[in-house]
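Enquirer: what follows is a protein structure lacking sequence information:
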């Protein structure tokens, strides 16, 4: 059947390939962004553009057009002319630099269609800048690095490049090491993880030749900021770094909480002050401008819009007709029949004009309307037969899709970031009306939830054992009343090793004094991730049904009512935090679970008998433990009873 | 700014006071600016907090000017320089050399060549406008305002007065006669005043000089044309009429139900359930 040229038309990610683009639409805004890139290149200074538009006006489409333009200008496999970094601000104030580092690194390692990564192309441009000949460029580009030339030789060349480009010594030894691994194709997975800011196990860090750094919150943020600055410096003036900050609205996790927006303003100012080759594009919904102005310092706002403030206006009729016509022209089967018809055929002008208000319509609403009209024409069905999807069905479907992606993609390295962003959103749901977050005075407490008289204190414990040990020590100093209301949370995929004896002892002491140890399952983390993504999309006006934005309160209300059914993982977490779940497991059971997780992470598949032997436990005890936790361990019953590690895909199933 | 930013209220209050200041403050001026009562902190505590905020890069230190004491502010030196230059250019237009001289006292730490370079940047951004030299002069002028012919007339008239040795009264009488003549001739040719044009002019004025197509909030716009449109309904009608003529674009609010009646009243409405929060000139 003929495809609908208006379906899958919304650009949700600037990395999406723009199949159909009408350059006349938002040409002025695009031109301003293009000029800003030129200013960064020519004047060797960082500048910024603030993009405003109503929901659905095409902010992400504009970013995708800019990315495509920069890529086209250079050619897919040629040295890079600009580094493109797309950052949906789905994070919290506390982790904002780490999140930026994560996104920056992920996009640097983004591979074009089967081509080299941005990092590899960037390196080529630097090689070219320092006068490398075509043969050398070709060798790096064609992957000849594993061929005629030895790794040592290429290692030496890479060193020379770093020496020439890093005259201020901003690229640390560790960063240089990780970059060289990535460029030379060694330890790619671990080097990539390090570059994204993920904490590596000691063995992986040692294989990379990288030191395990301290992992206190402030240190990690500062280190992330240094890495971001160094990566900017890596690309130099000829290849500006284009940071596209989208969904800035999502930084406001709860109504009235401006900490995320304030931190964003500060981050923009710091990038402005500390880099000389970045373009900072911030996309904000028009309806959110006032909130942004109230939340950030005036100086930071000035920095955000230093070069230009551009408006993405709704389309007028002329622009709309060009867009519709371009979409229809992309369907070759229609061409012979369209030849002697109006430019909009098979759609009717008056039906399209019906969605125009005051002679204008946002692009998303227009495309959605045209998609429906096209379907109706194609099916020759009456409007009544279309079977419109209700808001509830739409939300149900959106959440299910988001949850599936989260189950497949989320890793324990993201757990802190997900929890920090999602938890205030969860508490902001109407069903939690009586509970709210209180200000933090103790750095080791991540959240303090006011509930009745005594606040519940939550402390995330996803760090390395060494850092955890120090944290437990500090938490022990809390007054007894507070320890009784203390919840220690750790992703169950990060078991504390049985070798970390002192850490385990200190945890045991805290649990003995009344603290609760909560293992966050992969399912809980995926549910939190899905929740924050759905709410972030709603906040940014990116959640649309039939072209109309679904308002945030509608989504919050719906989530409140259907939490237990749609996100059972989250409902379990809420029960845990409310103390409604069964009593916290005892220390022996916690250790048993961790040891079994650790063993399965190392061996992937084990017979229960072997596992029991390694754990120095009874067969029946280990078997019962595994069977009690089917969301954590795979169990194949039979005479041998096999245990296996669950992967994301299995958990999803 | 959220109260949750700083767990310590004293830090929060001191930061807000400093952030609200229009220029860097000495510790004693900062103390004077602090709210009375328990937040009137002793200088030792102010010193302590300033050190902490400097460590967090939320406050920056400036060398003394206009006195012997160091100053502190929530903006960096280059931001301060930019603000100082823009303030110096907000009044009468000045030449490059006059600008440097005018800002010498406040920008001791920001050398002349940097000030000149920043001026060039401000011109490129559109934040500062370059004016032609005065009649008979050579140096270009700079101002944040668009060139104003009155500055040139004033200069020419002053020079004529000197050349012709006219008294001030005589000069005024001659110019008034000339203007009356011009006005009489132009009166018939002028179209009647167009209130809708006042809206377009106000948007052009309210948008940043470098971004004429930027969104202007309907609240700010209405305040600017209150004289021409004392009635909200008239204002709303005129804005929507201009939108229908495609002279401007209106940006809708996607969830007006979340707004209070007072907030809704600041938006333009078409009476069909659509509320608009911002407007922008169409190119």
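Expert: Here it is on my side, so go on. For clarity, every value in this text was computed on a predicted model and none was experimentally measured.
Enquirer: residue contacts, residue 65?
Expert: Just so you know, I chose chain A. The contact partners of residue A:65, taken as C-beta atoms under 8 Å, 6 or more residues apart in numbering or on different chains, are A:18, A:21, A:23, A:30. All C-beta atoms are positioned from the backbone trio N, CA, C, and that covers glycine.
Enquirer: wrong chain, I was asking about chain B
Expert: B:71, B:105-106, B:108.
Enquirer: now for these: which two are most distant?
Expert: B:71 and B:105 (12.7 Å; C-beta to C-beta).
Enquirer: neighbour-wise, which of the two wins?
Expert: Per other C-beta atoms under 10 Å in any protein chain shown, whichever of residue B:71 and residue B:105 has more neighbours is residue B:71, with 21 against 10.
Enquirer: mind pulling the model confidence for the closest residue in space to the more buried one that isn't next to it in sequence?
Expert: Once flanking residues are discounted, residue B:71 sits nearest to residue B:24: 3.5 Å by C-beta to C-beta, 6 or more residues apart in numbering or on different chains. Looking at residue B:24, its pLDDT stands at 92.
Enquirer: how much space between the closest residue to residue A:333 other than its chain neighbours and residue B:205?
Expert: The shortest distance from residue A:333 to any non-neighbouring residue, by C-beta to C-beta, 6+ apart, is to residue A:2 (5.2 Å). Remark: distance between residue A:2 and residue B:205 (C-beta to C-beta, to the nearest Å) = 51 Å.
Enquirer: compare those two and say which is more crowded by neighbours.
Expert: Higher neighbour count among residue A:2 and residue B:205: residue B:205, with 13 against 10, using other C-beta under 10 Å.
Enquirer: what's near enough to touch the more buried one?
Expert: By C-beta under 8 Å, 6+ apart, the neighbours of residue B:205 are residue B:224.
Enquirer: so is the residue in the stretch 51-200 of chain B that chain A sits nearest to in a helix, a strand, or just coil?
Expert: Using C-beta to the nearest C-beta, the single residue of the stretch 51-200 of chain B nearest to chain A is residue B:75, 4.6 Å away. Taking DSSP: H, G, I helix; E, B strand; the rest coil as the rule, one finds residue B:75 in the coil state.
Enquirer: from the centre of chain A, point out the most distant residue.
Expert: residue A:340 (48.1 Å; C-alpha atoms, centre = their mean).
Enquirer: what residues are up against residue B:123?
Expert: B:129-130, B:142.
Enquirer: picking that back up, so how far is chain A from the residue nearest to residue B:71?
Expert: 12 Å (C-beta to the nearest C-beta, to the nearest Å).
Enquirer: isn't that residue right up against residue B:76?
Expert: No. Using C-beta atoms under 8 Å, residue B:24 makes no contact with residue B:76, being 10.7 Å away.
Enquirer: the two: who's more crowded?
Expert: Shown here are residue B:24 and residue B:76; by other C-beta under 10 Å, residue B:24 has more neighbours (24 against 18).
Enquirer: the more buried one: what's it in contact with?
Expert: B:62, B:71-73, B:80.
Enquirer: ok, back up a step: most neighbours among the contacts of residue B:123, please name it.
Expert: residue B:142 (21 neighbours).
Enquirer: so what's that one bridging to?
Expert: Note on residue B:142: beta-bridge partners residue B:94, residue B:130, judged by DSSP bridges.
Enquirer: wait, what's in contact with it?
Expert: Contacts of residue B:142 were listed using C-beta under 8 Å, 6+ apart, and they are B:89, B:93-96, B:99, B:119, B:123, B:128-131.
Enquirer: repeat that for residue A:62.
Expert: So residue A:62 contacts A:26, A:29-30, A:33, A:51, A:312 (C-beta under 8 Å, 6+ apart).
Enquirer: among these, name the ones in strands.
Expert: Secondary structure from DSSP state E places residue A:51 of those in strands.
Enquirer: so which of the contacts of residue A:62 wins on neighbours?
Expert: Neighbour counts for these peak at residue A:312, which has 28 neighbours (criterion: other C-beta under 10 Å).
Enquirer: neighbours of the closest residue to it other than its chain neighbours, how many?
Expert: Leaving aside its chain neighbours, residue A:312 sits nearest to residue A:53 (3.1 Å; criterion: C-beta to C-beta, 6+ apart). The tally of other residues near residue A:53 (other C-beta under 10 Å) stands at 28.
Enquirer: I'd say residue A:53 and residue A:285 touch.
Expert: Yes. Residue A:53 is within contact range of residue A:285, at 7.1 Å (criterion: C-beta under 8 Å).
Enquirer: any chance you could map the strands in the stretch 351-500 of chain A?
Expert: Secondary structure of the stretch 351-500 of chain A (DSSP state E, counting those that start in this stretch): strands located at A:436-438, A:447-450, A:456-460, A:486-491.
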